[in-house]
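1. let me see the structure of the following:
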Amino acid sequence: MSTAMPNADRPKGLTLADILVTLVVAVVFGIIYRIWNPMYDILKPLGLHAEQLSYGMWFMAGTFAFLLIRKPGAALLAETAAAALEAFMGGSWGASTLVYGVLQGLGAEIIFAAFLYRKAGAIVTVLASLGSAVVSIFIDAHYSYIDKMTAWNYTLFVSMRLLGSVVIAGLFAWALAKALERTGVLSLIRPASAKDYEALG
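-> Numbers count the residues shown, from 1 in each chain. Here you go, the predicted structure:
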């Protein structure tokens, strides 16, 4: 099944309605992000960097918003706004949360842009989630959070974060969007058509 949209269906800029929907998604995920914070500490005692599996949730606003809107800027706006709300509500990482949000959203946005915003299947969504994850690792390095790790420890750290990203911000986000598509709920957000459904793979 093709996941490409014809030229006539190429996504254009965000409308006011798109922005409002994206911000609603961001608010929901901003609250989820805040509630999700303890999951990091719950998983940490398990060892083997199991806490990194929880990171996937913090990348999901961007991928999920794009799957709903499928237009340039949706992923960046959603991830940035969700991070801003989380920081405002007293997130564990303070002001740096906004830095992570902006750059993680940009990481996903770059992947969607690479496919000209015309594909929204599971593979592209997973790649976008990995884009956010990779960016987050570079930010961690910038803040010197991971500079003292041994090679094997660093490899495990990265692997667990990437895995969590693929499962939560990639596959779960895609499955949730596809389920919503089937209910017809998304017709309230954008026109429903066979091409829209095909774009989800």
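2. so which elements touch the top helix by length along the chain?
-> Using DSSP state H, we find that the single longest helix of the chain is helix 16-43. Contacts defined by 3 or more CB pairs under 8 Å, 6 or more residues apart in numbering; DSSP states H and E place helix 16-43 against helix 60-69, helix 74-88. All C-beta atoms are positioned from the backbone trio N, CA, C, and that covers glycine.
3. out of those, nearest to Asp147?
-> Asp147 lies closest to helix 74-88 among those, at 23.4 Å (CB to CB).
4. can you give me the helices for the chain?
-> Using DSSP H, helices in the chain cover 16-43, 60-69, 74-88, 96-114, 122-142, 151-164, 173-183, 194-199.
5. got the ones you listed as JSON lines, with mean pLDDT, distance to Glu51 and mean neighbour count columns?
-> Listed next are the helices of the chain as JSON lines, based on pLDDT from 0 to 100; distance: least, CB to CB, whole Å; neighbours: other CB atoms under 10 Å:
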{"stretch": "helix 16-43", "mean pLDDT": "90", "distance to Glu51": "4", "mean neighbour count": "17"}
{"stretch": "helix 60-69", "mean pLDDT": "96", "distance to Glu51": "17", "mean neighbour count": "30"}
{"stretch": "helix 74-88", "mean pLDDT": "92", "distance to Glu51": "17", "mean neighbour count": "26"}
{"stretch": "helix 96-114", "mean pLDDT": "94", "distance to Glu51": "16", "mean neighbour count": "22"}
{"stretch": "helix 122-142", "mean pLDDT": "94", "distance to Glu51": "13", "mean neighbour count": "21"}
{"stretch": "helix 151-164", "mean pLDDT": "92", "distance to Glu51": "8", "mean neighbour count": "16"}
{"stretch": "helix 173-183", "mean pLDDT": "93", "distance to Glu51": "20", "mean neighbour count": "17"}
{"stretch": "helix 194-199", "mean pLDDT": "50", "distance to Glu51": "34", "mean neighbour count": "15"}
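6. about what we covered before: how about the helices and strands packed on helix 16-43 in CSV, adding distance to Ile137?
-> What follows is the helices and strands packed on helix 16-43, written out as CSV (distance: least, CB to CB, whole Å):
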stretch, distance to Ile137
helix 60-69, 16
helix 74-88, 16
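7. rewinding a little: nearest to Leu53, of the helices of the chain?
-> Among the helices of the chain, helix 151-164 sits nearest to Leu53 (CB to CB), with 3.8 Å.
8. run the angle between that closest one and helix 16-43 for me.
-> With axes from the mean of the first three to the mean of the last three CA atoms, to 10 degrees defining the directions, helix 151-164 sits at 140 degrees from helix 16-43.
9. tally of neighbours for Asp147?
-> 10 (other CB atoms under 10 Å).
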